[in-house]
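Colleague: Build the 3D model from these lines:
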Amino acid sequence: MKLLLDTVAVYRFAAMPDALSSGARALLADDGNQLFVSAVSAWELAVKSSLGKLALPCKIDEFFSQTTRDLLAETVDFDLRFVAKVAVLPHHHGDPFDRMIIAQALVDGYTVLTSDTHFASYGVNVLW
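Modeller: As a prediction, the model looks like this:
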């Protein structure tokens, strides 16, 4: 399965793995899953860190690169295909970072690893 981690899943994996559900840990450990992390998550982590909303143990570029390597995940850039999808999404959810990840999931057919129940209202396949 193509599994795109939302920002909370990325952060918890790296900084507080015990906060992941047992199901999420099992999905991340399953070699049958292809793991993907959005560049949007790096952006969101950088913003939240700079606002003092979360603590990173190192600079964002180091944190994100190391976490992606530890996950054996591929990074998904945010391009115009996704911008176009965000433009037509209904407004079930106001978080712009989540809306960008939702667009990526819808356009490229990812299942999203998230605890956020709003994702499903967009027709995204969600697991946690």
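Colleague: Show me the shaky parts of this protein.
Modeller: By pLDDT under 70, the chain has no low-scoring segment.
Colleague: which residues of it fall in helices?
Modeller: 7-15, 22-29, 39-50, 60-71, 80-88, 96-108 (DSSP state H).
Colleague: Compare these and give me the one nearest residue 126.
Modeller: Nearest of the helices of the chain to residue 126, taken as C-beta to C-beta: helix 96-108 at 8.8 Å. Placement of C-beta: from N, CA and C, glycine included.
Colleague: Next, the buried residues of the closest one.
Modeller: Buried residues in helix 96-108, counting neighbours by 16 or more other C-beta atoms under 10 Å, are found at 97, 98, 99, 100, 101, 102, 103, 104, 105, 106.
Colleague: Distance from that helix to the middle of the chain?
Modeller: Relative to the chain's own centre, helix 96-108 is displaced by 9 Å; criterion: C-alpha atoms, centre = their mean, to the nearest Å.
Colleague: Turn the helices of the chain into a markdown table, columns for distance to residue 116.
Modeller: Below are those laid out as a markdown table (distance: least, C-beta to C-beta, whole Å):
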| stretch | distance to residue 116 |
| --- | --- |
| helix 7-15 | 7 |
| helix 22-29 | 12 |
| helix 39-50 | 13 |
| helix 60-71 | 19 |
| helix 80-88 | 16 |
| helix 96-108 | 6 |
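Colleague: wait, what's in contact with residue 110?
Modeller: Counting by C-beta atoms under 8 Å, 6 or more residues apart in numbering, residue 110 touches 2, 3, 4, 36, 104, 125.
Colleague: ok, how many other residues are close to the nearest residue to residue 103 once chain neighbours are set aside?
Modeller: Once flanking residues are discounted, residue 103 sits nearest to residue 85: 3.8 Å by C-beta to C-beta, 6 or more residues apart in numbering. Counted with other C-beta atoms under 10 Å, the neighbours of residue 85 add up to 19.
Colleague: returning to that earlier point: for the contacts of residue 110, pick the one with the most neighbours.
Modeller: That'd be residue 4 among these, by other C-beta under 10 Å, with 28 neighbours.
Colleague: which residues sit in contact with that one?
Modeller: Residue 4 makes contact with 36, 37, 38, 76, 101, 104, 105, 110, 111, 112, 113, according to C-beta under 8 Å, 6+ apart.
Colleague: Please consider this matter closed, and thank you.
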